[in-house]
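>>> can you look at this prediction? I've put the sequence above it.
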Amino acid sequence: MTVGAFVGLAQFRKLNYQYKRNDAVVYKEQLKHMGLDEDDYQMQTTESLKKEYEKVMEKLDIEHWDNIRGPRPWENSREIQEKMRKNNPKVSA
């Protein structure tokens, strides 16, 4: 039985290696179909990520921020939230 399991597993793994999916080829074919080269696509993606990062950084004020922690499991969260609202005008109701 052990020998049979070994042979069966070996055959299964052989099939897996012979007929493995080749997603990279499909990906490149899809890019060619859209009229893009792989390098062009990566450059466009990188540029759009940089632009999105710049948009987000314009909106955020990273120089002036407060570290606000959530309540611990043993603390009453409503009391903590009320104290935070009273002490910090930035925390909205």
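Thanks, I have the structure now. Predicted model, so just to flag it, every value in this text is computed and none were measured.
>>> which helix in the protein runs the most residues?
helix 38-59 (DSSP state H).
>>> that one packs against which elements?
Where contact means 3 or more CB pairs under 8 Å, 6 or more residues apart in numbering; DSSP states H and E, helix 38-59 is packed against helix 23-33. In short, each C-beta sits where N, CA and C put it, glycine included.
>>> for the chain, which element, helix or strand, carries the lowest mean pLDDT?
The least trusted helix or strand in the chain, going by mean pLDDT, DSSP states H and E, turns out to be helix 23-33, with a mean of 71.
>>> re the thing from before, next helix or strand past the longest helix of the chain?
helix 77-87 (DSSP states H and E).
>>> would you pull up how far that next one lies from the middle of the chain?
33 Å (CA atoms, centre = their mean, to the nearest Å).
>>> so which elements touch that helix?
Helix 77-87 packs on no helix or strand, going by 3+ CB pairs under 8 Å, 6+ apart.
>>> can I get it as PDB, trimmed to CA atoms?
In PDB, the C-alpha atoms belonging to helix 77-87 read as follows (Å, rounded to 0.1, in the frame of the first residue of the first chain):
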ATOM      1  CA  SER A  77     -15.600  52.500  25.900                       C
ATOM      2  CA  ARG A  78     -18.400  55.100  26.300                       C
ATOM      3  CA  GLU A  79     -16.600  56.800  29.200                       C
ATOM      4  CA  ILE A  80     -13.300  56.900  27.200                       C
ATOM      5  CA  GLN A  81     -15.000  58.300  24.100                       C
ATOM      6  CA  GLU A  82     -16.700  61.100  26.200                       C
ATOM      7  CA  LYS A  83     -13.400  62.100  27.800                       C
ATOM      8  CA  MET A  84     -11.800  62.200  24.400                       C
ATOM      9  CA  ARG A  85     -14.500  64.400  23.000                       C
ATOM     10  CA  LYS A  86     -14.300  66.800  25.900                       C
ATOM     11  CA  ASN A  87     -10.500  67.000  25.800                       C
END
